[in-house]
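Undergrad: The following comprises the amino acid sequence and a computationally predicted model.
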Amino acid sequence: MTPIAQVETKVLVQAMKRNIDRFPEDFMFQLTTDEFTDLRSQIVTSSWGGRRTAPYAFTEQGVAMLSSVLRSSRAVKVNVEIIRAFVRLRRMLESHADLARKLETLERKYDRQFKVVFDAIREIMNSDVPPKRRQIGFHSS
């Protein structure tokens, strides 16, 4: 059984294959033969048990899509939690937008306060008359 949806692996693969258009490359991929061999060498199983075909790997988006195509009660709960997470994320982004607006207001205020300083610096930079410099070092009289 898969831990996320509590369904048999073959049921999960069947649901994915029946809805393959919902699983683009960035949602799911199948391990290569080399990756599968490496994985098998790391997992100790009996010679007669375990997978015979390369497993699929799902990204976060793929897991979300799986939870929407599977019918188990666990998959439904996962799907509900994903939707709730998106709502929380949207609220967080809205609060960040408010923060960005406040920061922009502070920056405008800050720019106005230092406008005099920036104008003075620009005036010195654009002046044709070089500023008087005092010579440093020893002077002979």
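TA: Received it, and whenever you're ready, just let me know what you need.
Undergrad: Angles on the backbone of the residue nearest the centre of the chain, please.
TA: Most central in the chain under CA atoms, centre = their mean is E60, positioned 10.6 Å from the mean C-alpha point. The phi/psi pair for E60 (degrees, to the nearest 10) reads phi -60, psi -40.
Undergrad: which ones are touching it?
TA: Residues near E60 by CB atoms under 8 Å, 6 or more residues apart in numbering: none. The C-beta positions use only the backbone N, C-alpha and C, and glycine is treated the same way.
Undergrad: before we move on, what about R22?
TA: Contacts of R22 (CB under 8 Å, 6+ apart): M65, S68, V69.
Undergrad: all helices of the chain, in order?
TA: 9-18, 33-42, 60-69, 73-113, 115-126 (DSSP state H).
Undergrad: And the fourth one, what does it pack against?
TA: Here helix 73-113 is seen to pack against helix 60-69 when contacts are counted using 3 or more CB pairs under 8 Å, 6 or more residues apart in numbering; DSSP states H and E.
Undergrad: Surely A54 and Q30 touch.
TA: Yes: with contacts counted by CB atoms under 8 Å, A54 reaches Q30, the gap being 5.2 Å.
Undergrad: Could you check which of these two is surrounded by more residues?
TA: Legend: neighbour count by other CB atoms under 10 Å for A54 and Q30, higher for A54 (17 against 11).
Undergrad: if I look at the more buried one, how far off is L12?
TA: A54 is 15 Å from L12, where distance means CB to CB, to the nearest Å.
Undergrad: and Y56, how many neighbours?
TA: Neighbours around Y56, by other CB under 10 Å: 17.
Undergrad: ok, the nearest residue to it once chain neighbours are set aside - contacts?
TA: Nearest residue to Y56, sequence neighbours excluded (CB to CB, 6 or more residues apart in numbering): Q30, at 5.2 Å. Contacts here follow CB under 8 Å, 6+ apart; on that basis Q30 touches A54, P55, Y56, A57.
Undergrad: Dump these to a markdown table, plus distance to R88 and pLDDT.
TA: Below are the contacts of Q30 laid out as a markdown table (distance: CB to CB, whole Å; pLDDT from 0 to 100):
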| residue | distance to R88 | pLDDT |
| --- | --- | --- |
| A54 | 36 | 87 |
| P55 | 31 | 88 |
| Y56 | 29 | 90 |
| A57 | 26 | 90 |
